[in-house]
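What would the 3D arrangement of this be:
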Amino acid sequence: MTNKILAIQGNHPSTLNPKTDTSIFLAKEAQEKNYKIFYYDPKNLSVINSKVEALGFFIKFDYKRNSFFKILNEQKLDLLKSKFILIRQDPPFNMEYISATHILDTIKDKVKIINNPTSIRNVSEKLYSIKYQKYMPATLFSQNINEIKNFFRKNKKVILKPVNSFSGNNIYLLSKFNLKLIKKIIKKHDYVMCQKFLPRISKGDKRVFIINGKVFGAISRVPKKGSFLSNLSKGATPINTKLTTKEKKISKLIAHDLKKDNIFFAGIDFIDQKLNGDINVTSPTGLKTLYDLSKINLAKTFWKELKA
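Sure thing, here's the model as predicted:
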């Protein structure tokens, strides 16, 4: 019989912010269901004699303590002994990340892994949105300088970001075509995403939560003064919000598609009722913030949908 163990592949807890972190919020709810929490860094994931093992530690989370976590004991764990594995490390989505998904692929039929490692590889967080471009602002995916130059000519003010960017990093707001900068970004990141700037971002975006093919609410994130970045990690302020009829319709469509592609947990973002093209599947955030704003506990929903 499978032990009540939740294994979390992620960044060390000391690097996390308990006030906002979704991984801790999910782990704490699992603790309430009497799961033991085993934490490991993907660097410590190995295959030994065909066994997928991780060197890590059992841990207990407590929001009431000054130190919000306590490491109980360090050990190596055969991951087949866990009932669930959460993939929660931050991008970049590089070869190390991809190699870890290939290793976890070998046990995904015996342990429930969220999100499915094959699906994480297949669902590019920005390129997946190509099929939803009619719901988005004018958007170009390319590394061709002439195509990018033409896009700037038509759209004037443009958001430019690598297709593998995350957490508001390496994102530029450009009022004119900057050949030197764009060449530098393409050289480092290959494909970029160019999108017509929507000035209503100053009023905030909307992060929508999708669990098991269903839409479960949203928060708005208002950029700090002088910024166009709505990421909480970049100083944005979260506020309660409701989805419009249009946003609900688009969200349900994407939720349906993600479930077909074996993505259990995701976050999508809107600006001025337009999808911004970020389909967050590697490590979606915002559940703790939603709870603090509204007392809606989607960590309970998460585990209920998994029948934990």
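
from here on, contacts and neighbour counts on C-alpha atoms
OK.

Output the below-cut-off pLDDT ranges for the stretch 101-250 of the chain.
165-168 (pLDDT under 70).

before we move on, which element is the closest residue to I114 other than its chain neighbours in?
Distances taken as C-alpha to C-alpha, 6 or more residues apart in numbering place L86 nearest to I114, at 4.9 Å, with adjacent residues excluded. Taking DSSP states H and E as the definition, one finds L86 inside strand 84-87.

Please enumerate residues in contact with the helix or strand following that strand?
Next in sequence after strand 84-87, counting helices and strands by DSSP H and E, comes helix 95-105. Contacts to helix 95-105, defined as C-alpha atoms under 8 Å, 6 or more residues apart in numbering, come from residues P42, L45, S46, V47, V52, P91, P117, T118, I120, R121.

Check stretch 230-237 too.
Under the criterion C-alpha under 8 Å, 6+ apart, residues S167, G168, I201, G204, D205, R221, V222, P223, K224, L229, P238 lie in contact with stretch 230-237.

Next, the buried residues of that stretch.
S230, N231, L232, A236 (16 or more other C-alpha atoms under 10 Å).

what's the closest of the contacts of stretch 230-237 to K187?
Closest approach to K187 among the contacts of stretch 230-237 (C-alpha to C-alpha): G168, at 19.4 Å.

Can you name the residues in contact with whichever helix in the chain runs longest?
For the chain, the longest helix by residue count, based on DSSP state H, is helix 245-260. Helix 245-260 has contacts (C-alpha under 8 Å, 6+ apart) with 135, 208, 210-215, 264, 268, 270, 273-274.

what's the neighbour count on Y63?
For Y63, the count of nearby residues is 13 (other C-alpha atoms under 10 Å).

ugh, wrong one, I meant A255
Applying other C-alpha under 10 Å, I find that A255 has 25 neighbouring residues.

And the one 10 residues further on, by the same measure?
By other C-alpha under 10 Å, the residues close to F265 number 24.

Distance check, the closest residue in space to it that isn't next to it in sequence against I296.
Nearest residue to F265, sequence neighbours excluded (C-alpha to C-alpha, 6+ apart): I211, at 4.7 Å. I211 sits 14 Å away from I296, taking C-alpha to C-alpha, to the nearest Å as the criterion.

More neighbours: those two, which one.
Legend: neighbour count by other C-alpha under 10 Å for I211 and I296, higher for I211 (21 against 16).

was I right about the more buried one contacting I268?
No - I211 is beyond contact range of I268, at 11.4 Å (criterion: C-alpha atoms under 8 Å).

Show the subsequent helix or strand relative to whichever strand or helix holds I279.
Secondary structure from DSSP H and E places I279 in strand 274-280. Remark: after strand 274-280, the chain's next helix or strand is helix 287-294, criterion DSSP H and E.

Now do that next one: everything it contacts.
Under the contact criterion C-alpha under 8 Å, 6+ apart, helix 287-294 has outside partners 19-22, 25, 218-219, 238-240, 296-299.

give me that answer again for 6 Å
Residues from elsewhere that reach helix 287-294, judged by C-alpha atoms under 6 Å, 6 or more residues apart in numbering: T20, T22, N297.

Quickly list the domain ranges of the protein.
Residue ranges of the domains in the chain are recorded as 5-122, 138-197, 200-305, according to automatic domain parsing.

Could you save those as JSON lines and add columns showing distance to I130?
Shown next, in JSON lines, are the domains of the chain (distance: least, C-alpha to C-alpha, whole Å):
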{"stretch": "domain 5-122", "distance to I130": "13"}
{"stretch": "domain 138-197", "distance to I130": "9"}
{"stretch": "domain 200-305", "distance to I130": "8"}
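
List only buried entries from the contacts of helix 287-294.
Here, 16+ other C-alpha under 10 Å leaves T20, T22, N297 buried among the contacts of helix 287-294.

D269 falls within a strand, correct?
Yes - under DSSP: H, G, I helix; E, B strand; the rest coil, D269 falls within a strand.

Looks like it contacts F209 (just checking).
No - counting by C-alpha atoms under 6 Å, D269 does not reach F209; the two are 9.1 Å apart.
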